[in-house]
Structures are given as C-alpha cells and as structure tokens.
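**Q** For reference, the sequence and a predicted model appear below.
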Amino acid sequence: MAKLRNTVSDLMADKPVKFTRRPMERIHKIHTAIKSGRLPNCTTLAKELEVTPKTVQRDINFMRDSLKVPLCYNEQSHGYYYENAVDDFPEFEVGAEEMAALFLARSALESIRGTELAEKVREAFGKLTRSMSERVQLNWSDLDDAFSRKVPEVRGRDVKVFGQLAEAVVQQVEVSFHYLKLDADKAEARKVRPLHLGEVDGSWYLIGMDVDREALRTFALPRVTRLKVSGNSFERPTGFDGREHLRRSFGIWTVSGDDSLSLVQVRLKDYAARLAQERRWHPTQEVKVLNAKGTKVDVCFEAGALEEVLRWVLSFGSKAKVIGPPKLKKMVADELALMAK
C-alpha cells in the first residue's frame, strides 16, 4: 500500500501543466474513478470532468511522475488501474513551518492593505491556497490565535500614498509631492523619479532620484503630501539596487561613496550581550563572544550615517560601550552631556 503525500512546491513546480480548474480537486476525482476499478480512460474521464482528454492526460502524467502514484494502463480494456493498492489520496502535508509561512505571507499584506497592489497579491495568495486539496482545512482564526506580529499601524492616508508610489515605481513614471524634513518647519516641493520602496522598522520609505538636486534621496511616506503621478516616464539607473542601497545604512539614513562607510564596534554586556546573539541589526553584523558565559560581546558592522547608530547605542544605556569609530564615541559623549543638562 502506498500512502502518498505532496507539498505545495511540488505541485507549483510542474510549470508545463496549465490547469483550467482546481487541479487537486480534479486529480482527486480521477483517483476515485481509478480506485473504483472500472478502468476509466482519458476520454471517459474528460466527459465526467468537463475538460479535454489532453488535460486529463496531463493530470495522469502528473499523478504518475510527480506524485508517484502506481498507475498502469490496460491495453486490452483501454483504461487505467492501480498496480498496487493506494489507501489514501495524495494530499498536501502542511506542517508547523508551512502554517507559519502561510500566516506570515498573509500578515505581510497588512502593511499595504487597501491598495491595488494588495488586491493583486491577495488574489495570487488565494489561488495558491485554493489549489490545495480540499482535505487541507485552513482556519485563519486558528492561525491568528497562534501567531501575531507587532508592527506600527499604517494610517489610511499612508496606504493610499503607498499604492500610488508602488505603481509609479513599477511603471517607471515621475512623481511630484511636498515633503517635510525632520528638521524643517515647512514642507517643500519635490520632483522625484521613484526607484524603490523599502520597509524599515515598520515604516515605509521611498528611494528615488531627486530631479532638481540630481541625487538619490530617501523619503518617509508619512511626511509625503500632495502627491501627484505624472505621465513622464524614465529609465532606471543602470546598476541601481534598492536592497544594496539600504544595506549601506544601519536604519534608513544613507551616505554616498564607499569612503564614507565606517566600521562600528560596540561592546555590549549582560542582557544586551544576550540580545546581540539573538538578533541581527545589520547585514554586515558580526558578533564576537568575549567570555564563557556569553555576557560580554563585541558587535561589529559597517555603516554610513551614524545618527541612527547613536540612537541604537543609547538604547542600551550603561550596557553599551563604543570602541570605534572615534566620531561615534564623540557623538555619544556629546549627547550624554546634553542629556545631563
């Protein structure tokens, strides 16, 4: 007897198969017909399923080659049968990891809910889950009880801005808006060629080429107002990589030029040292454990603008000591002096 199982990736990887109906539902009916012993063939099955014989043949091939069902064809009776007994229909094996992955994929939509992009992703996600065997019951309320993500809530206005900018990035068209810098009292007009949208610490940012300043700039979506999408198209800069651009920063603030990168080394102790061994704050981060108990470590990484690194260091209070660079040591000392006043 063969108890057969399949995964989502196994089914989705069979790219040549163009299913016209829910594939696993159709294959389940083929399985039931063959298991009955009445020796069905592609023609009779096609009539029952209201598809073409060619579609049934593809399903048969998939069952035999990918699901490893012991299918055989009786030349005299012109029908299919199982060479060995099959006591169960091939089903999707959804374990703890798969369930968690499905939940995270679904919850990721929360940051873009209400946008056209979110609806397209939701449709694709729905097609994926619908392609599963009906024997897999996904109760989202159960998943919500088991998992959660604590992220900043996205305001309705920011969602609309995100949707407009996402389409502008994909379509490569210029946008204009007013932007309020953190240290400014008044928003100023900007004309930007949007290149990439990135989420950092629960907030969305736009990376784009500022047309008037002829330089890359980063904009926080909550401070973007009076957004307009123009019909002016542009070509993406050759070699631009949004992920690599963000990689140069500790948070969102970036600098240009390799010479501007600094090697940051911070010594953490006690609970802070424990956290450093559990978390990754930067792509280039390396952690060196300095004692047997793991209560003292050195955290090293490369970063450009140090303002966000300063904030990170101060968050650990007396548990952090800056080893380098000297500029960061001075920034910490100056900030502590101001706080003491």
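**A** That came through, no problem. The model shown is predicted, which means the values in this text are computed figures rather than measured ones.
**Q** Can you list the low-confidence ranges for the stretch 101-250 of the chain?
**A** 101-158, 202, 247-248 (pLDDT under 70).
**Q** ranges for the helices of it?
**A** 116-130, 140-146, 156-171, 242-247 (DSSP state H, counting those that start in this stretch).
**Q** quick one: contacts of the shortest one?
**A** Outside of helix 242-247, the residues that reach it under the criterion C-beta atoms under 8 Å, 6 or more residues apart in numbering are 195-198, 200, 207, 216, 252, 254, 283-284. From N, CA and C alone the C-beta is placed, and that goes for glycine too.
**Q** possible to save those residues as JSON lines with neighbour count?
**A** Listed next are those as JSON lines, based on neighbours: other C-beta atoms under 10 Å:
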{"residue": "195", "neighbour count": "20"}
{"residue": "196", "neighbour count": "19"}
{"residue": "197", "neighbour count": "20"}
{"residue": "198", "neighbour count": "16"}
{"residue": "200", "neighbour count": "16"}
{"residue": "207", "neighbour count": "21"}
{"residue": "216", "neighbour count": "18"}
{"residue": "252", "neighbour count": "18"}
{"residue": "254", "neighbour count": "19"}
{"residue": "283", "neighbour count": "12"}
{"residue": "284", "neighbour count": "15"}
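**Q** And the residues you listed, which is closest to residue 188?
**A** residue 216 (17.3 Å; C-beta to C-beta).
**Q** which non-adjacent residue is nearest that closest one?
**A** residue 209 (5.9 Å; C-beta to C-beta, 6 or more residues apart in numbering).
**Q** hey, what's the one you found bridged with?
**A** residue 193, residue 216 (DSSP bridges).
**Q** How much space separates residue 340 from residue 310?
**A** Residue 340 is 16 Å from residue 310, where distance means C-beta to C-beta, to the nearest Å.
**Q** Comparing the two, which shows the higher neighbour count?
**A** residue 310 (18 against 6; other C-beta atoms under 10 Å).
**Q** how much space is there between the more buried one and residue 74?
**A** Applying C-beta to C-beta, the value for residue 310 to residue 74 is 77 Å.
**Q** Residue 298 too?
**A** 71 Å.
**Q** Looking at these two, which is more packed in?
**A** Neighbours around residue 298 and residue 74, counted as other C-beta under 10 Å, are more numerous at residue 298. The numbers are 17 against 11.
**Q** Just checking: what are the partner strands of whichever strand or helix holds the more buried one?
**A** Using DSSP states H and E, the element containing residue 298 is strand 296-303. The strands beside strand 296-303 in its sheet (DSSP bridges) come out as strand 262-269 (antiparallel), strand 286-289 (antiparallel).
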